[in-house]
Every structure is written in structure tokens, then in C-alpha cells.
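J.: Based on what follows, work out the 3D shape:
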Amino acid sequence: MLFNSVAYLIFLPITVLLFWLAPKKWRTPMLLVASYVFYMFWKPIYGVLIFALTAINYLFGFLIDRSERNKGKWLFLAVATNLLVLGYFKYFYMTRDVLNDVFKAAGLHQLPIISWEILLPLGISFFVFEFIHYLVDIYRGDKPVKSFIEFALFPSFFPTQIAGPIKRYQDFIPQLREEHKLNLKDFNTAMELIVFGLFKKVVIADTLGIAVTRCFAHPDMLTGADFWLATWAFTFQVYFDFSGYTDIARGSAMLFGIKVPLNFKLPYLSGSYSEFWKRWHITLSTWLKDYLYIPMGGSRHGEIRTCINLAITMTLGGLWHGAAPHFVVWGFYVGVVLVLHRIWRHVVARSKWLNSIVETKLFHIFGVALTFNAHALGLAIFRANNIPEACQIIGKMFNLLPAADGLANWQPAIMNTNGAIIYPILPIVLIAMWVMQVVLSHSKEKPGIMAEPAWLPGFKPAYLAVLIAMLLIFSPDVTPTFIYFQF
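T.: This next block holds a predicted model:
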């Protein structure tokens with residue numbers, strides 16, 4: 001079930017109404033049933049998968065907690081079980097193709113073709129990470145959740161089930177036990193988040209996505225200028241699509257009195273690449289740090305080892321994003337840029353002259369532009385269909401390959417396959433997107449919520465009314481799924 005579907009617009013109010021009408025002791029079971037209805041709306045059979053994984057990890061939690069000598073063995077078995085399930089559904093085809101390429105190069109027989117189709121279950125990348133966090137934290141000394149109903153709702157909670165944010169059970173489970181009361185102020189905030197999220201997804205991300213899809217479908221026909229514009233457009237598309245999902249998820253959870261983590265904090269205003277990854281997909285970044293980077297040694301074993309750990313962490317993070325070699329290359333690119341930034345910080349720390357320059361507002365503006373374009377360049381790899389196509393796109397972007405139809409790479413081709421013009425309106429749209437992100441800045445009291453100007457009473461309701469009107473008027477005829485939908 002999609003957040004931007006008619007089905008969800010019917011499902012959410014009914015679920016909220018039943019939740020608040022139910023006695024307190026029935027609210028968690030009711031939310032669990034609703035979450036399974038939400039999850040099984042697409043493929044009912046995968047409800048069995050998430051239930052089986054939930055039951056297995058519930059048992060593993062107690063085995064790890066109660067074992068004196070074999071904690072490490074139980075943890076290894078538990079994490080391996082989760083990763084094997086994730087690997088089968090997400091990486092089977094990629095692994096088979098890589099092995100077949102190796103076997104072909106070695107003159108060996110190809111692997112047999114399986115007779116069944118493997119469909120990736122929705123949200124498996126996210127709830128497997130939540131299971132691993134749960135198991136590792138129990139190994140480190142936290143106590144397992146005794147109630148199976150509460151534990152089952154932890155990975156299946158429908159607002160965060162498909163694409164996060166990645167929750168921590170220490171934050172989520174206690175909220176289920178609190179005495180919640182329907183609060184009009186929180187209700188208004190929740191609805192505001194949902195409207196913001198729908199506007200980001202449907203009006204901005206999906207509109208940009210039309211141009212982006214047309215561009216990346218025909219890399220041979222476009223110039224470097226086209227690809228810079230298309231990559232910038234995709235950079236905004238990803239942000240507004242994913243942060244829009246997160247806003248809807250946070251708003252939906254708030255309707256039940258539950259708060260889930262903030263996932264984005266104006267990342268495109270970051271002055272450095274390391275700052276960017278503290279403000280972009282925050283719950284994934286912190287998960288990778290806590291459960292991968294630090295266990296590998298983090299920054300405790302010298303600068304060279306730290307850089308290696310950083311590169312490995314982000315490369316594996318790239319693999320988590322998708323089962324294709326170009327996602328691994330994208331993750332490695334992110335790791336390399338973070339390592340280069342770390343080296344740059346050490347150079348600046350040793351130079352008073354450089355440090356005085358770095359502290360200026362002008363350099364911060366330069367840093368924001370550089371960080372944004374470094375991220376955009378990585379997303380060109382992310383958006384490409386394969387490594388050769390990514391190389392072709394980047395080659396044109398840096399004038400290393402010839403452009404289409406004899407044009408120079410700095411000249412936009414202004415074309416698409418249907419004869420319709422993609423540009424020149426796109427740069428104007430991109431500038432508008434940037435301004436909108438700045439205007440809709442985070443308030444100190446409620447991150448992600450626009451603060452109403454004291455000098456302009458009634459601005460926020462009027463603004464929300466405009467957003468709703470634009471949703472109704474400018475929604476594309478076909479609204480695609482969220483980028484992180486089947487993930």
C-alpha cells in the first residue's frame with residue numbers, strides 16, 4: 001500500500017479512529033493487525049515472511065540474553081540468519097550473475113537457471129537492520145522485549161515498515177506502554193507533516209522524475225550539460241521523494257501518539273560532505289556507524305585504518321542500497337569522498353591561514369555548493385543502470401567523451417524521445433526547489449515543521465491550503481512508487 005494512494009487515504013483514518021476508540025490494552029494488538037494488513041496489501045504471502053523472521057528473532061533475543069558462555073555464537077547465528085534471508089531475496093540474482101561471469105572467464109559451466117521468480121519483499125532491507133540492531137544491543141547488555149505483541153509491532157509498524165526511518169527498540173517499545181491521549185496540537189502537526197510529505201512527493205519529486213527518466217533513458221542522445229541538469233534534477237527528486245515519505249511516516253505515527261526519528265535535516269545546506277551524511281538519511285548513517293564502522297574499529301587504530309574502515313562501511317552501505325555493481329561503486333565513491341574530506345580537515349587543522357579562510361561565510365557558501373555537487377555526482381552513478389552507462393554519463397559531464405549529434409558537451413541538447421522539450425524550464429524549477437527547501441526550514445521546537453512567522457498570523461493555514469490545492473491541480477497523471485518502495 002502506497003502512502004500516496006487512495007487506499008492509504010481510506011486505511012489511515014479508519015485505523016486512527018479504531019485506535020482511539022479501542023481500550024488501551026487493545027491498541028497495540030490493533031496496530032499490529034493493521035500493520036500486517038498494510039504490509040500484505042501488495043503480496044499477502046510476505047506477511048508469512050515478516051512473521052517468521054519476527055518469531056525467530058524474538059527467540060534469538062532470549063537465547064542471547066540468557067546464555068553465559070555462548071552469547072557470541074548465538075549472536076553470530078542470529079545475524080547470519082537475518083543476512084542470509086536478506087541475501088537470498090535481494091542479492092541472489094546479482095550473486096549468480098557475478099559467479100557466471102567468473103565461471104565463463106574460467107571456461108567453467110554456468111550455474112543452472114532457477115524455475116521460480118524471486119520477488120524482493122517490501123522493506124526487508126529496513127526491518128532486517130532493525131532486527132540486527134535489536135540482537136546486537138541485547139548482546140551488549142540491554143534486555144529483550146518480553147511481550148511478543150510489542151516486539152512484533154517493532155519491525156512491522158506500518159508508518160515506518162517500508163522505508164524507515166530505522167527505529168531503535170529502546171525508543172519505540174516504551175511509547176507503546178504510555179498512556180496516550182488525543183491531542184489536537186499533535187494532530188494538527190501530524191496532518192501538516194502528511195500534507196508536506198505528499199506535496200514533496202507528488203508535486204515536486206514526481207514532476208522532476210518525468211524529466212529525469214526521459215534523460216537517463218537515452219544517454220547516447222544527450223550532452224554533458226543535459227546530464228548535469230538531469231543529475232541536479234535527480235538529486236532534488238531523491239530528496240523530496242524520500243524526505244516526503246519520511247514526513248508522511250512521521251505524521252502517520254504521530255496520529256497514534258508515537259514519535260519516530262528524524263531522517264533529514266536540510267542536508268543540501270551542509271557545508272561539508274561529512275556534515276551532509278549527518279543530515280541525510282540520518283537513521284541509516286547512525287546505524288552504519290554504530291553497527292558496522294565502530295565494530296570494525298572506527299577511528300581507534302590509527303588514521304590509515306580509520307580511512308579503510310570508512311571506505312568499507314560506505315561501500316557496504318552502497319551494496320545495501322541495491323543489488324547491482326554500480327551501487328557498490330557508488331558506495332565506494334561516497335567512502336572515498338569522506339576519506340578525502342577527513343584528510344582535508346587534518347590539513348586545515350595544521351594551517352592557521354587555511355583555517356581562517358575556512359571559517360569565513362564565503363567559504364561556507366563554496367562548501368555548500370561543492371558538497372551538493374559532490375553528492376549529485378555520486379547520484380549520477382546511483383541513477384545509472386550499470387557501470388558502463390555511469391562511466392558514459394560522467395565522461396560526458398566532464399567533457400571526456402564526445403556529445404551527441406556533434407554538439408559540445410556544454411550545450412544542452414534540449415530533446416527527448418517523444419519530441420517534447422525537457423528544458424529550459426528545468427533550471428528554473430531547480431532554483432525554486434532550493435528556495436523552497438530554505439523557506440521550509442526546521443523549527444527548533446519541532447524539527448521538520450515550518451514555524452509560523454509571528455508578524456504574519458494565519459500564514460501557515462493559508463500555506464497548507466495552497467499546498468493541498470496544488471496537490472489536486474498539479475499531480476501527474478501517473479504517480480510512481482516511492483524510490484525506496486521495494487527496497
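
J.: Going by neighbour count, list what's buried in stretch 289-301.
T.: 289, 291-293, 296, 298 (16 or more other CB atoms under 10 Å). Every C-beta, even on glycine, is put in place using the N, C-alpha and C of the backbone.

J.: Next: stretch 27-44.
T.: For stretch 27-44, using 16+ other CB under 10 Å, the buried residues are 27-28, 30-32, 34-36, 38-42.

J.: Repeat that for stretch 342-352.
T.: Buried residues in stretch 342-352 (16+ other CB under 10 Å): 342, 348.

J.: Only alpha carbons, please: show that stretch as PDB.
T.: Below are the C-alpha coordinates for stretch 342-352, written out as PDB (Å, rounded to 0.1, in the frame of the first residue of the first chain):
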ATOM      1  CA  ARG A 342      38.900  13.800   6.500                       C
ATOM      2  CA  ILE A 343      42.400  14.400   5.000                       C
ATOM      3  CA  TRP A 344      41.400  17.900   4.200                       C
ATOM      4  CA  ARG A 345      40.300  18.600   7.800                       C
ATOM      5  CA  HIS A 346      43.700  17.400   9.000                       C
ATOM      6  CA  VAL A 347      45.400  19.700   6.500                       C
ATOM      7  CA  VAL A 348      43.300  22.700   7.600                       C
ATOM      8  CA  ALA A 349      43.900  21.900  11.300                       C
ATOM      9  CA  ARG A 350      47.600  22.300  10.800                       C
ATOM     10  CA  SER A 351      47.400  25.600   9.000                       C
ATOM     11  CA  LYS A 352      46.200  28.800  10.700                       C
END
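
J.: Just the terminal-to-terminal distance for stretch 317-331.
T.: End-to-end distance for stretch 317-331, by CA to CA, to the nearest Å: 6 Å.

J.: Now do the domain split for the chain, please.
T.: Listed by automatic domain parsing, the domain ranges of the chain are 6-179, 186-474.

J.: Those: lowest mean pLDDT?
T.: Mean pLDDT is lowest for domain 186-474 out of these, coming in at a mean of 82.

J.: which residue packs closest to Phe216, ignoring adjacent ones?
T.: Arg383 (5.7 Å; CB to CB, 6 or more residues apart in numbering).

J.: The one you found - how many residues pack around it?
T.: When neighbours are defined as other CB atoms under 10 Å, Arg383 has 24 of them.

J.: do Asn355 as well
T.: As a burial measure, Asn355 scores 12 neighbours (other CB under 10 Å).

J.: what helix or strand does it sit in?
T.: Element membership for Asn355 (DSSP states H and E) is helix 352-358.

J.: Show me what whichever helix or strand comes after that helix is in contact with.
T.: Counting by DSSP H and E, the element after helix 352-358 in chain order, helix or strand, is helix 361-383. Applying CB atoms under 8 Å, 6 or more residues apart in numbering, the contact partners of helix 361-383 are 212, 216, 227, 231-232, 234-235, 238, 268-273, 275-276, 280, 321, 326-327, 329-330, 333-334, 337, 357, 390, 393-394, 397.

J.: mind running it again at 6 Å?
T.: If you take CB atoms under 6 Å, 6 or more residues apart in numbering as the criterion, helix 361-383 is touched by 216, 231-232, 234-235, 268, 270-273, 276, 326, 329-330, 333-334, 337, 357, 390, 393-394.

J.: now stretch 153-170
T.: So stretch 153-170 is in contact with 31-32, 35, 38-39, 50, 122-123, 126-127, 129-130, 134, 172, 245, 249, 252-253, 260-261, 263, 283, 287, 484, going by CB under 6 Å, 6+ apart.

J.: Okay, buried residues for that stretch please.
T.: Neighbour-count burial for stretch 153-170 [16+ other CB under 10 Å]: 153-169.

J.: thinking again about what came up before, may I see the domains of the chain organised as JSON lines, with distance to Pro480 added?
T.: As requested, the domains of the chain are exported to JSON lines (distance: least, CB to CB, whole Å):
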{"stretch": "domain 6-179", "distance to Pro480": "14"}
{"stretch": "domain 186-474", "distance to Pro480": "6"}
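
J.: what's the helix or strand hosting Tyr36 packed up against?
T.: Following DSSP H and E, one finds Tyr36 within helix 24-40. Contact partners of helix 24-40 among helices and strands, from 3 or more CB pairs under 6 Å, 6 or more residues apart in numbering; DSSP states H and E: helix 6-21, helix 46-66, helix 148-156, helix 158-161.

J.: Now do it: distance to the chain's middle.
T.: Remark: helix 24-40 is offset 25 Å from the chain centroid, using CA atoms, centre = their mean, to the nearest Å.

J.: how big is the angle separating that helix from helix 6-21?
T.: 170 degrees (axes from the mean of the first three to the mean of the last three CA atoms, to 10 degrees).

J.: can you list contacts of helix 24-40?
T.: Residues outside helix 24-40 that contact it (CB under 6 Å, 6+ apart): 1, 15, 18-19, 22, 47, 149, 152-153, 156-158, 161, 176.

J.: starting at the chain centroid, how far to the strand or helix carrying Val329?
T.: Applying DSSP H and E as the criterion places Val329 in helix 325-349. In terms of CA atoms, centre = their mean, the centre of helix 325-349 is found 19 Å from the chain centre.

J.: Same check on stretch 102-120?
T.: Worked out by CA atoms, centre = their mean, stretch 102-120 lies 31 Å from the chain centre.

J.: Mind listing what's buried along it?
T.: Applying 16+ other CB under 10 Å to stretch 102-120 flags Leu120 as buried.

J.: End to end on that stretch, go ahead and measure it.
T.: First-to-last residue span, stretch 102-120, CA to CA: 25 Å.

J.: distance between stretch 277-290 and the chain's centre?
T.: The answer for stretch 277-290 is 10 Å, by CA atoms, centre = their mean.

J.: Pull out the buried positions in it.
T.: Quick answer for stretch 277-290 (16+ other CB under 10 Å): 277, 279-285, 287-289.
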